[in-house]
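[1] My questions are about this predicted structure, shown below with the sequence.
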Amino acid sequence: MSLGWRELWRDRRQKQGLYDSPAYWDKKATRYSGLARSNWPSNTYNRFLHERQMELIDRLLGDVRGMRIADVGCGTGRAAIHLARRGARVTGFDFSEQALAVARADAAREGLDLTFSTHDVLGPPPPACRETFDAVLVLGCLTLACRHGGELDQALGHLQTLLAPGGRVLFVEPIHASRLLRRILPLGVSEWIHHAEAMGLELLDRGGLLFVPARWALAFRDWPEQLVAPVFRLGERVLAVSPYLAPLADYKWLLFRLRDAG
């Protein structure tokens, strides 16, 4: 089952109070199916989005076997499960109980040993998790959870406490300052970098993925895969060869390392 068009239109217009509410993600987790439980209504589009995001995460984090990874804002667990399949020791955090229930059920169905914990990124993490993780993944979370730079700093401070010395944090977020493209947080990439560096993180890599016009065309209706595949891949090629179109990358990635306190 999916939400009706009237609800979808409201979701696009009234982002604050929806995207930053656990009730919204609880509803999606129970009323949608497949990847649409925590993504766009079209599962055809979502399959390509998921594949592209996981390819990026694999490239940037490298061999994760034995690594302790926190997936913050894990939702229904698609990235956490992907990393666990590759041998990581993953803990997923999210504020939606229904999304976590889906994540636990999907992980159990595959026989994967993951931990999922209820947690709001704007609150301090459990003391037992302090300086525990080799890497923190944040996939589409802070742009929805934070309303302004002060809340971003608050969330970044909490994420930093999760990292073991030398640990890395990878953001894959829909970062936009414009009213048209942003989710809730109205900050651009340079502002994100400034806030992260001020909190003691050192930038290692950055870039963009997922062409906005392709998402507008494909994400809200389950078009046939033979249509979605070439349009999606053309959009990614356009982003790869056209630096002037970088602002139209729906998601940006920012890879940081925890700066040595000494």
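    The structure has been received and is ready for your questions.

[2] where exactly do the helices run in the stretch 101-250 of the chain?
    142-145, 149-162, 189-198, 212-218, 225-241 (DSSP state H, counting those that start in this stretch).

[3] you'd agree residue 96 is up against residue 26?
    Yes - Residue 96 is within contact range of residue 26, at 5.3 Å (criterion: CB atoms under 8 Å). All C-beta atoms are positioned from the backbone trio N, CA, C, and that covers glycine.

[4] between these two, who's got more neighbours?
    Counted by other CB atoms under 10 Å, residue 96 and residue 26 do not tie: residue 96 has more neighbours, with 25 against 17.

[5] Deepest in the core, which of the helices of the stretch 101-250 of the chain is it.
    Mean neighbours per residue, mean count of other CB atoms under 10 Å, is largest over the helices of the stretch 101-250 of the chain for helix 142-145, with a mean of 24.

[6] Tell me which other helices or strands it touches.
    Other helices and strands packing on helix 142-145, by 3 or more CB pairs under 8 Å, 6 or more residues apart in numbering; DSSP states H and E, are helix 149-162, strand 163-173.

[7] Spell out the residue ranges of the strands in the chain.
    68-72, 89-94, 115-118, 133-139, 163-173, 201-211, 249-258 (DSSP state E).

[8] Serialize these to JSON lines and add fields for mean neighbour count, mean pLDDT and distance to residue 50.
    What follows is the strands of the chain, written out as JSON lines (neighbours: other CB atoms under 10 Å; pLDDT from 0 to 100; distance: least, CB to CB, whole Å):
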{"stretch": "strand 68-72", "mean neighbour count": "26", "mean pLDDT": "98", "distance to residue 50": "14"}
{"stretch": "strand 89-94", "mean neighbour count": "26", "mean pLDDT": "97", "distance to residue 50": "16"}
{"stretch": "strand 115-118", "mean neighbour count": "15", "mean pLDDT": "96", "distance to residue 50": "19"}
{"stretch": "strand 133-139", "mean neighbour count": "24", "mean pLDDT": "98", "distance to residue 50": "10"}
{"stretch": "strand 163-173", "mean neighbour count": "20", "mean pLDDT": "96", "distance to residue 50": "12"}
{"stretch": "strand 201-211", "mean neighbour count": "18", "mean pLDDT": "97", "distance to residue 50": "11"}
{"stretch": "strand 249-258", "mean neighbour count": "22", "mean pLDDT": "97", "distance to residue 50": "12"}
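
[9] Thanks a lot, catch you later.
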